[in-house]
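**Student:** Make a model of this:
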Amino acid sequence: MSSVRTTHKNKTAATFLALTLGWGGVHRMLLGGARDPLALLHLGAVAATLVLLALLPRANIFYPLLPIIVSAIAGCIEALVIGLMPDEQFDARYNVGSSRQSDSQWPLALLLVTTMLVGTTVLIATMSRLFDLLYTGGAYG
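**Tutor:** Model (predicted):
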């Protein structure tokens, strides 16, 4: 008889990874493994950015970086989803075979506030720059 051992996944660590390295899908690899489809989608955005940087060396830098910026915004949204998920639901989804239970503390709240600050700033800045480039041709910077 073999018992299934699962490492306990930390909700605060997953939220931190989604905030800092969400553009690369590292948090998805922690939670779902290296074959997670959303992690591969994040990696595809990184690859698309590298290809666009190589193919469009004279283009405005904003356009080739757009896939990774969108991936970073998605990472911030995923950080909020993971961080705001109740501990019981997180354990039922990601810690099925673990004997430990998640117990989120105040660092998670600080991460969520930071995520809101960073995520909204990046989103508003991206929208502003995109509209500037599309409607004025970059006349404002």
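**Student:** Now the residue nearest in space to the middle of the chain: which helix or strand?
**Tutor:** What sits nearest the mean C-alpha location of the chain, by C-alpha atoms, centre = their mean, is Gly75, with 1.7 Å. Element membership for Gly75, per DSSP states H and E: helix 62-84.
**Student:** how about the helices of this protein, start to end?
**Tutor:** 11-21, 26-32, 37-55, 62-84, 87-94, 106-136 (DSSP state H).
**Student:** could these go into CSV alongside distance to Arg100?
**Tutor:** For every residue, glycine as well, the C-beta is placed using N, CA and C. Formatted as CSV, the helices of the chain follow (distance: least, C-beta to C-beta, whole Å):
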stretch, distance to Arg100
helix 11-21, 12
helix 26-32, 16
helix 37-55, 24
helix 62-84, 17
helix 87-94, 8
helix 106-136, 16
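**Student:** Just send those helices back as CSV, with mean pLDDT too.
**Tutor:** Formatted as CSV, these follow (pLDDT from 0 to 100):
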stretch, mean pLDDT
helix 11-21, 96
helix 26-32, 93
helix 37-55, 95
helix 62-84, 97
helix 87-94, 93
helix 106-136, 96
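**Student:** tell me the pLDDT at the nearest residue to the residue nearest to the centre of the chain once chain neighbours are set aside?
**Tutor:** Closest residue to Gly75 apart from its sequence neighbours, by C-beta to C-beta, 6 or more residues apart in numbering: Gly22 at 1.6 Å. Looking at Gly22, its pLDDT reads 95.
**Student:** again, but for Gly141
**Tutor:** For Gly141, the predicted pLDDT is 69.
**Student:** So the spatially closest residue to Gly32 that is not a sequence neighbour versus Glu78, what's the distance?
**Tutor:** Using C-beta to C-beta, 6+ apart and skipping residues adjacent in sequence, the residue nearest Gly32 is Ala39, 6.6 Å away. Going from Ala39 to Glu78 by C-beta to C-beta, to the nearest Å gives 11 Å.
**Student:** Report the contact partners of the residue nearest to Ala72 when sequence neighbours are not counted.
**Tutor:** Counting by C-beta to C-beta, 6+ apart, Ala72 lies nearest to Trp23, which is 4.0 Å off, once chain neighbours are set aside. By C-beta atoms under 8 Å, 6 or more residues apart in numbering, Trp23 lies in contact with 42, 45-46, 68, 71-72, 75.
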